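A.B. asks: Okay, here's the prediction I keep looking at, along with the sequence it came from:
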Amino acid sequence: MWERNHRRARAALAGLALALLLAPPANAHDGATGVVKERMQAMDAMAKSMKTVGPMIRGQVSLDHEKAAAAARTIAAGAGEHLLRLFPAGSLMPPSDAKAEIWDDWARFEALANELADAAGRMEETAKDGADSTGMAAAFKGVGGVCADCHKEFRAKKR
């Protein structure tokens, strides 16, 4: 009797594990609408671009200057004025991770948005110039540093 119950329990656990593996992943954008959804998508595009270049500068994949330049263009396109338009006053609707401090210190937020555009432009030029991994790493670090500063000041901890 114990053996049969033990087999049933193992089968049930295996079924549950399979269901969890096959279930669609939870999406951080669930429930996001309007400008909040739009900016979350823009941030995802920039993060994906950083994830394209990161393995190149770490030597995990070959340095592809064309892909690195394209990734930098994506980041630059999402930065500066474009980024600022995605943060109209008070747009804190869930599931936004934006902090109210954005609008309390708009000048700092604007400066970081523009710094990101500049850093991404430098990364694109570095890639176009055919820089080695050391040069690309420096440009990548410049972009990542601006992202980190902005997130530290203006993004709530991920839930």
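C.D. replies: Ah, there it is.
A.B. asks: tell me which element the residue nearest in space to the middle of the chain falls in.
C.D. replies: The centre of the chain sits closest to residue 47, judged by CA atoms, centre = their mean, with a distance of 2.8 Å. Residue 47 belongs to helix 34-57 when assigned by DSSP states H and E.
A.B. asks: Distance from the helix or strand following that helix to the middle of the chain?
C.D. replies: Counting by DSSP H and E, the next helix or strand C-terminal to helix 34-57 is helix 65-78. For helix 65-78, the separation from the chain centroid amounts to 14 Å (computed by CA atoms, centre = their mean, to the nearest Å).
A.B. asks: quick one: buried residues of helix 65-78?
C.D. replies: 65, 67, 68, 69, 71, 72, 73, 74, 75, 76, 77, 78 (16 or more other CB atoms under 10 Å). For glycine as for every other residue, the C-beta is placed from the backbone atoms N, C-alpha and C.
A.B. asks: What's the separation between the residue nearest to the centre of the chain and residue 40?
C.D. replies: 10 Å (CB to CB, to the nearest Å).
A.B. asks: any idea where the helices of the chain begin and end?
C.D. replies: 2-22, 34-57, 65-78, 80-85, 101-104, 106-128, 133-154 (DSSP state H).
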